[in-house]
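Engineer: Sequence and predicted structure, then a few things I'm wondering about:
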Amino acid sequence: MIKFSLIVPVYNRPDEVAELLQSLESQSIKNFEILLVEDAADLSCDKIAAQYVDKIDVRYFNVPNTDRSFRRNFGMENAKSDYFVFTDSDCILPPNYFENLEKNLTENYSDCFGGRDAAHESFSDVQKAISFAMTSFLTTGGIRGGKSQMEKFKPRTFNMGFSRTVFEKVGGFKNIFGEDIDLSIRIADAGFRTTLYQDIFVYHKRRVSFKKFFKQVHNFGVARVNLGILHKNSLKLVHTAPAVLLVSLVIIILLSIFDSPIWLILPAVYTLLLFADALIKTKKLKTAFLALWASFIQIAAYGTGFLKSFFQKIVFRKGLESEEVLKKVYN
């Protein structure tokens with residue numbers, strides 16, 4: 001039986017940790033240990049963890065004033081197993097998560113794996129809408145674990161794992177935004193195999209407000225350019241899609257004002273396709289409308305972040321994170 005070490009970085013999330021541990025207690029098999037590594041601030045989860053020590057194999061660590069990459073690396077250094085699994089404190093694992101993971105690794109072993117995320121039926125309409133915006137092919141091109149993808153899959157830490165051998169050869173996470181993609185690229189460059197296991201998914205609550213969602217995705221756009229500077233040839237055409245959509249929309253609006261309203265047919269068709277996709281997937285009219293709004297936020301936030309960083313770092317070669325500084329800071 002394969003043994004796993006589930007590593008979860010935590011910061012001020014006791015309620016979320018309680019839900020995560022409850023889902024772990026309900027796993028069909030218990031071939032795993034849990035390492036909660038917290039930068040304990042105002043809302044520590046140590047008491048929550050203590051409630052589960054007699055039910056599941058959970059260990060709690062308090063490492064103050066540390067970033068999430070340090071906490072993940074700390075977890076690996078203290079793990080007892082030879083295969084590390086990562087998720088976030090705002091995730092819930094389905095009951096057969098580790099059973100399916102063991103089956104996949106037994107039948108189709110991979111040095112590194114990643115999986116999908118989904119919205120649980122208990123999530124709010126806003127959370128379901130944001131989940132749609134982050135996973136729909138029409139908004140992200142399927143790069144977050146969908147069946148149809150426009151680039152090679154790169155695991156992300158809400159649902160990711162790799163062997164101790166990978167860690168010993170490649171090293172851990174770096175203190176950058178987009179640290180999981182950076183590590184996924186380094187794992188592949190080192191010659192290790194990475195596999196997307198379609199039936200290994202988590203319920204990811206994500207941001208609970210559109211304002212927080214905008215800020216997070218804007219930072220994703222900034223980080224993608226930084227990763228493109230750090231890893232040559234890692235910036236793909238699909239990564240420019242939200243920025244291209246955003247610029248195209250502005251151009252179309254200007255054309256509709258100064259030329260002809262017929263130009264608005266293009267964004268209207270795209271909007272209808274988005275809404276139809278959201279309605280089919282969420283099966284609720286209100287959620288579909290919210291998903292439409294979340295999708296436009298996702299495109300605008302990522303697009304503005306990408307464009308801002310692209311022109312600053314690549315076109316004008318300005319800002320702290322130049323290619324030379326990136327190599328000094330991140331390597």
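Structural biologist: Cool, got the structure. Residues are numbered from 1 along each chain as shown.

Engineer: and the end-to-end length of stretch 197-215?
Structural biologist: End-to-end distance of stretch 197-215 (Cα to Cα, to the nearest Å): 30 Å.

Engineer: Quick one: mean pLDDT over that stretch.
Structural biologist: What stretch 197-215 shows for mean pLDDT is 88.

Engineer: what residues does it touch?
Structural biologist: With contact meaning Cβ atoms under 8 Å, 6 or more residues apart in numbering, stretch 197-215 is reached by 16, 87-88, 90-94, 97, 100-101, 104, 110, 113-120, 123-124, 126-127, 130-131, 133-134, 145, 147, 158-159, 216, 293-294, 297-298, 300-301. For the C-beta atoms, the positions are set from N, CA and C on the backbone; glycine is no exception.

Engineer: mind listing what I262 touches?
Structural biologist: Here I262 is in contact with S256 (Cβ under 8 Å, 6+ apart).

Engineer: could you measure it against Y270, distance?
Structural biologist: 15 Å (Cβ to Cβ, to the nearest Å).

Engineer: Skipping its backbone neighbours, what lies nearest K169 in space?
Structural biologist: With sequence-adjacent residues excluded and distances taken as Cβ to Cβ, 6 or more residues apart in numbering, K169 is closest to A190, at 5.9 Å.

Engineer: Oops, could you answer that again for T194 instead?
Structural biologist: Leaving aside its chain neighbours, T194 sits nearest to C112 (4.4 Å; criterion: Cβ to Cβ, 6+ apart).

Engineer: number of nearby residues for the one you found?
Structural biologist: C112 is flanked by 22 other residues according to other Cβ atoms under 10 Å.

Engineer: Is it bridged to anything, and to what?
Structural biologist: For C112, the beta-bridge partners under DSSP bridges are F162, T194.

Engineer: quick revisit: quick one: buried ones out of the contacts of stretch 197-215?
Structural biologist: For these, a burial check counting by 16 or more other Cβ atoms under 10 Å picks out 16, 87-88, 90-94, 97, 100-101, 104, 110, 113-120, 123, 126-127, 130-131, 133-134, 145, 158-159, 216, 294, 297-298, 300-301.

Engineer: now, which of those lie within strands?
Structural biologist: Counting by DSSP state E, the buried ones among the contacts of stretch 197-215 place 91-92, 113-118 in strands.

Engineer: Could you identify the most distant pair in those?
Structural biologist: Maximum pairwise distance among those (Cβ to Cβ): 18.9 Å, between I92 and F113.

Engineer: confidence score at S44?
Structural biologist: Reported pLDDT for S44: 89.

Engineer: So it, which state does it fall into?
Structural biologist: coil (DSSP: H, G, I helix; E, B strand; the rest coil).

Engineer: burial count for it?
Structural biologist: So S44, with other Cβ under 10 Å, has 19 neighbours.

Engineer: And the ones in strands among the buried ones among the contacts of stretch 197-215, which is closest to T195?
Structural biologist: Ranked by distance to T195 (Cβ to Cβ), those are led by F113 at 5.2 Å.

Engineer: quick one: contacts for the closest one?
Structural biologist: Contacts of F113 (Cβ under 8 Å, 6+ apart): 101, 104-105, 155, 160-162, 194-197, 200.

Engineer: could you redo the last one with a cut-off of 10 Å?
Structural biologist: 83, 85, 101, 104-105, 153, 155, 159-163, 193-197, 200 (Cβ atoms under 10 Å, 6 or more residues apart in numbering).

Engineer: Buried subset of those residues, written for PyMOL?
Structural biologist: Selection of buried members from the contacts of F113 for PyMOL, criterion 16+ other Cβ under 10 Å:
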select buried, resi 83+85+101+104+105+153+155+159+160+161+162+163+194+195+196+197+200
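
Engineer: residues in contact with the residue nearest the centre of the chain?
Structural biologist: Centroid-nearest residue in the chain, with Cα atoms, centre = their mean: R156, separated by 4.8 Å. Neighbouring residues of R156 by Cβ under 10 Å, 6+ apart: 86, 88, 114-115, 117, 143-145, 178-181, 183-184, 204.
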